[in-house]
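[1] Quick one, fold the following:
(chains A and B)
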Number of protein chains: 2
Amino acid sequence: MSDRNSTAARASDRAFLGTALHAPAPGRLEVLRDVIVLVGPDGAIDAIHPGASGDGMAAAARHRTAGTLRTLEPDQYLLPGMVDLHVHAPQWPQLGLALDEPLEVWLQKYTFPLEARYADLDFATAVYESLVDGLLANGTTTVMYYASIHLPATRALADICLRRSQRALIGRVSMDDPAQCPPYYRDASAASAEADTRAFIAYVQSLPGNRGLISPVITPRFIPSCTDGLLQRLGSLAQESGCHVQTHCSESDWQHRYVLERCGISDAAALESFGLLGRRTILAHGNFVGDDDVTRLVGAGAGIAHCPLSNVYFSDAVLPLRRLLDRGVHVGLGTDIAGGASPSILDNARQAVIASRLLESGVDAALERGQRRREASRIDALTAFWLATTSGGIALDLPIGLFRVGYQFDAMVVGNAAGGNLRLEAGDSPQQVLQKIVYNAGRSNISDVWVAGRRV
Amino acid sequence: MSDRNSTAARASDRAFLGTALHAPAPGRLEVLRDVIVLVGPDGAIDAIHPGASGDGMAAAARHRTAGTLRTLEPDQYLLPGMVDLHVHAPQWPQLGLALDEPLEVWLQKYTFPLEARYADLDFATAVYESLVDGLLANGTTTVMYYASIHLPATRALADICLRRSQRALIGRVSMDDPAQCPPYYRDASAASAEADTRAFIAYVQSLPGNRGLISPVITPRFIPSCTDGLLQRLGSLAQESGCHVQTHCSESDWQHRYVLERCGISDAAALESFGLLGRRTILAHGNFVGDDDVTRLVGAGAGIAHCPLSNVYFSDAVLPLRRLLDRGVHVGLGTDIAGGASPSILDNARQAVIASRLLESGVDAALERGQRRREASRIDALTAFWLATTSGGIALDLPIGLFRVGYQFDAMVVGNAAGGNLRLEAGDSPQQVLQKIVYNAGRSNISDVWVAGRRV
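    Next up is the predicted model:
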């Protein structure tokens, strides 16, 4: 059963024997050395025993006999699956392209024309299947998706995630303001946008076989795309339904100023006034949130999707991540496909370290050291890994990202691989293993991925 | 012959049929569509013909019959091999570790103790074989290496590069200053350091079968590690021998200030005064070079090894790359293993774009836009690729990095692969292909690598 190529047997694995690593708190690594993790039929972790204990050996024997035991190789590690808090599903074909334009030009010239094509359900289905497969292969077990304004294509994305077993939070995008949305790609009215959002929520809630894997998300694109009327309707719907909410907040100089000018208050304050800021709200970016906004986010329990690769191209500054974490804001990571060029949360984890270091050191060598630095801004590799897993789960208010009884078994196996640059060695400490994974693991180092206990 | 698994046949390929991409100038992509590239026994390109021309078809037929034709698949591209201008070979075991310390601590606490272990030739041989294989697998066909102070281990590195067919410029490291070098890891005297450097030069120049693949490099570690006496000796040796020179220059606040205080002049000016600044000098980093230094570098024709990943951890600021390029400084890319955590020049190419964008936008959102930005600092993906190939060749004064008659055939094949995130599509323009490669290709997308026409 330890043969890593034995796919058929593994689809029904229920017990996992090996060393697991996870990060219960920022900067804190917990090593579950040689344990057996037992997973129930609902995909949740039933028990974790030392492999050499009586309970552990009994469970291993039972599952070995049943053919439901997976034993990791000595150079493999079991890690929590990663959480991507920000993906624009329809932008998948644009990955790595046209990153030289500012946000407002990028949207009008490339992104809106591409997203409009998802009126074509066949096109949407082909792209979304490729996307979901690509993210799973990168170890991303939970994704918060923006789809497009099209209800049929958004339903198709939910169907695909369910079929492929990817935990997904999906929103039909709402955008109705003729001043900012092109005529070929916008909701006909605030009323129709609300109706389509309600229809998608109902669809997901009655999806056969769903059992909590797929959740609907109320998704005003961002304030510049939406009329006040639509934002009010969606805020009320959020209060009424308890659904997750996602939108963009204070991403760039342009967006930040646009909202200040139109609403007279900051982006976060405006979202709060519309009833869109709650415990299950995820705000993409937030690079320009002020101190009052931070108080608002903490009060609401809302989270930020930090997208450090995308920020390089579209955000005009680095997120003051450490300041937010120190004040208690929930933060997870996002790829922001296709504002970010990589589909890998690991790539974004290492970029989160890099961004935090460059904010701390400053970038302009022509300035004096004292003028250039922003002290106490850095995070380390382990905190980046915590952001990619545990903290993403906290932000979403879901029991994921840790190996803990009652948590969902969303996991991946990471180890050396011919096509990758990861070089784990026998004498590495767990801390060294984790650093090497954050700095050098890639898709080819992720050999197996499970969501809710099901191998994908 | 187009079977990509037909390894045996390909070792002797002399003709390559397919589409090649290269960058003759910053930001300029040249597409050699459906050409045949013919390579002579010396590894240099003899001719490039359109595949459909009379000459092209005749050559293809001739090499097909001889079994020396390699035909690329339609979704594969032939690219120049990449040039890494800055690798510390003995630091390979430390890749991705201990990146939270400042440079001067990192050296004393981790790096010098590790480098001292290369007195053990068996240890050195095992590490260097792994390193050279790892870099070749990442498409790096030319590397400028720092070895350690140990002559036998440095000779072993030369032997390994020759045997593996990696183009390599290798330096035995010189460091004799008791004030900065620990007693367990330093040259006994300036005279012995010079003697060992001369011995290594002689060894490489008489290496059987070398024929220009391996070159010796005069390598004072950096001014803080060397006495003035040693720097003078090595400067004279550089003038006398015409060998390449490598050292570090103005890498961090600490190094920059150290040299100013000790020498009373800038790092680049001091190196010039010792006779160490010439057409074949490569200075690692240079983040803090001033305007006068730039004039000096341009006058000497010296180059800079830009190591954007390493800079994040050890340099306190971003290299003002665009300013240097606009003034005509030669710049190539370096991984700075293990200051940088990745062995991939592609990773550094995308990080060069990122660093340049963050310098342009600024990083601290608490500053006003006008205060934060450094206009006209960005480079694009194509310029990053030019840095990784053509410009690295120019900096080294070697005929590499381009598909041009007389240039060495150092090349790689890039295409989609199961283990990678690159997603080339049939309708992509060459510009899009290049952008996707720079942003998303990795080791698993590089299926074949040749150096001097020999498959490695």
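[2] hey, let's count contacts and neighbours off CA atoms from now on
    Will do.
[3] what residues are up against the closest residue to chain B within the stretch 201-350 of chain A?
    Evaluated by Cα to the nearest Cα, the stretch 201-350 of chain A has A:Ala317 as its residue closest to chain B, separated by 4.2 Å. Each residue near A:Ala317 by Cα atoms under 8 Å, 6 or more residues apart in numbering or on different chains is listed here: A:Ser252, A:Asn287, A:Asn311, B:Leu358, B:Ser361, B:Gly362, B:Val363, B:Asp364, B:Ala365.
[4] What does the residue nearest the centre of chain A show for phi and psi?
    Centroid-nearest residue in chain A: A:Asp84, 1.4 Å away (criterion: Cα atoms, centre = their mean). Per-residue torsions, A:Asp84: phi -110, psi 110 (degrees, to the nearest 10).
[5] Mind picking out the helix or strand in chain A with the poorest mean pLDDT?
    helix A:7-10 (a mean of 38; mean pLDDT, DSSP states H and E).
[6] Based on its surroundings, how many neighbours for the closest residue to chain B within the stretch 101-250 of chain A?
    With Cα to the nearest Cα, the shortest gap between the stretch 101-250 of chain A and chain B falls at A:Gly134, namely 7.6 Å. Applying other Cα atoms under 10 Å in any protein chain shown, we find 20 residues neighbouring A:Gly134.
[7] State the mean pLDDT of the strand or helix carrying it.
    Taking DSSP states H and E as the definition, A:Gly134 sits inside helix A:121-137. For helix A:121-137, the mean pLDDT works out to 98.
[8] and that helix, which residues are buried?
    Residues of helix A:121-137 classed as buried by neighbour count (16 or more other Cα atoms under 10 Å in any protein chain shown): A:121, A:124-125, A:127-129, A:131-137.
[9] the helices in the stretch 201-350 of chain A, which residues?
    With helices called from DSSP state H, counting those that start in this stretch, the stretch 201-350 of chain A shows them at A:228-241, A:253-263, A:267-273, A:291-300, A:308-314, A:321-326, A:345-361.
[10] How about the longest one and chain B, touching?
    Yes - Helix A:345-361 lies in contact with chain B when judged by Cα under 8 Å from any Cα of the partner chain; the contacting residues are A:Ile354, A:Arg357, A:Leu358, A:Leu359, A:Ser361.
[11] Name the member of these that has the highest neighbour count.
    With neighbours defined as other Cα under 10 Å, the most crowded of the residues of helix A:345-361 next to chain B is A:Leu358; it has 31 neighbours.
[12] What parts of the stretch 301-450 of chain A come near chain B?
    A:312-313, A:316-320, A:341-343, A:354, A:357-359, A:361-366, A:369, A:374, A:380, A:419-421, A:432, A:435-436, A:439-440, A:443-444.
[13] just the buried members of these?
    A:312-313, A:316-320, A:341-343, A:354, A:357-359, A:361-365, A:369, A:374, A:380, A:419-421, A:432, A:435-436, A:439-440, A:443-444.
[14] among the residues you listed, which are in strands?
    Nothing among those maps onto strands, per DSSP state E.
[15] if we can go back for a sec, got the angle between the helix holding A:Gly134 and helix A:345-361?
    In terms of direction (axes from the mean of the first three to the mean of the last three Cα atoms, to 10 degrees), helix A:121-137 departs from helix A:345-361 by 70 degrees.
[16] Helix A:121-137 - contacts with which helices or strands?
    helix A:151-164, strand A:446-451 (3 or more Cα pairs under 8 Å, 6 or more residues apart in numbering or on different chains; DSSP states H and E).
[17] Report the mean per-residue pLDDT for the helix or strand following the first one.
    Going back to what we said before, that points to helix A:151-164. Counting by DSSP H and E, the next helix or strand C-terminal to helix A:151-164 is strand A:167-171. Average pLDDT, strand A:167-171: 98.
[18] What is strand A:167-171 packed up against?
    strand A:140-146, helix A:151-164, strand A:214-220.
[19] what's the spacing between the following helix or strand past it and its chain's center?
    Sequence order places strand A:173-174 as the next helix or strand after strand A:167-171, per DSSP H and E. Computed by Cα atoms, centre = their mean, to the nearest Å, the separation of strand A:173-174 from the middle of its chain amounts to 19 Å.
[20] Could you do stretch A:238-256 as well?
    What separates the centre of stretch A:238-256 from the centre of its chain is 15 Å, taken as Cα atoms, centre = their mean.
[21] Also stretch A:319-334?
    Offset of stretch A:319-334 from its chain centre (Cα atoms, centre = their mean): 14 Å.
[22] Can you list the neighbours in contact with that stretch?
    Outside stretch A:319-334, the residues that touch it by Cα under 8 Å, 6+ apart are A:83-87, A:285-288, A:294, A:297-298, A:301-308, A:345, A:348-349, A:355-356, A:359, A:376-379, A:387-389, A:391-395, B:364-365.
[23] how about stretch A:235-242 as PDB, C-alpha atoms only?
    Provided in PDB are the C-alpha atoms of stretch A:235-242 (Å, rounded to 0.1, in the frame of the first residue of the first chain):
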ATOM      1  CA  GLY A 235     -25.500  43.800   1.700                       C
ATOM      2  CA  SER A 236     -29.000  43.000   2.700                       C
ATOM      3  CA  LEU A 237     -28.800  39.600   1.000                       C
ATOM      4  CA  ALA A 238     -25.500  38.900   3.000                       C
ATOM      5  CA  GLN A 239     -27.300  39.700   6.300                       C
ATOM      6  CA  GLU A 240     -30.300  37.600   5.300                       C
ATOM      7  CA  SER A 241     -28.500  34.500   3.900                       C
ATOM      8  CA  GLY A 242     -25.300  34.400   6.100                       C
END
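[24] Now do the buried residues in it.
    Applying 16+ other Cα under 10 Å to stretch A:235-242 flags A:Gly235, A:Leu237, A:Ala238 as buried.
[25] of all those residues, which comes closest to A:Val143?
    A:Ala238 (19.7 Å; Cα to Cα).
[26] next one: the helix holding A:Gly134 to chain centre, how far?
    Centre to centre, stretch against its chain (Cα atoms, centre = their mean), the figure for helix A:121-137 is 17 Å.
[27] Equivalent analysis for stretch A:395-402, please.
    The answer for stretch A:395-402 is 11 Å, by Cα atoms, centre = their mean.
[28] Kind regards, and thank you for your time.
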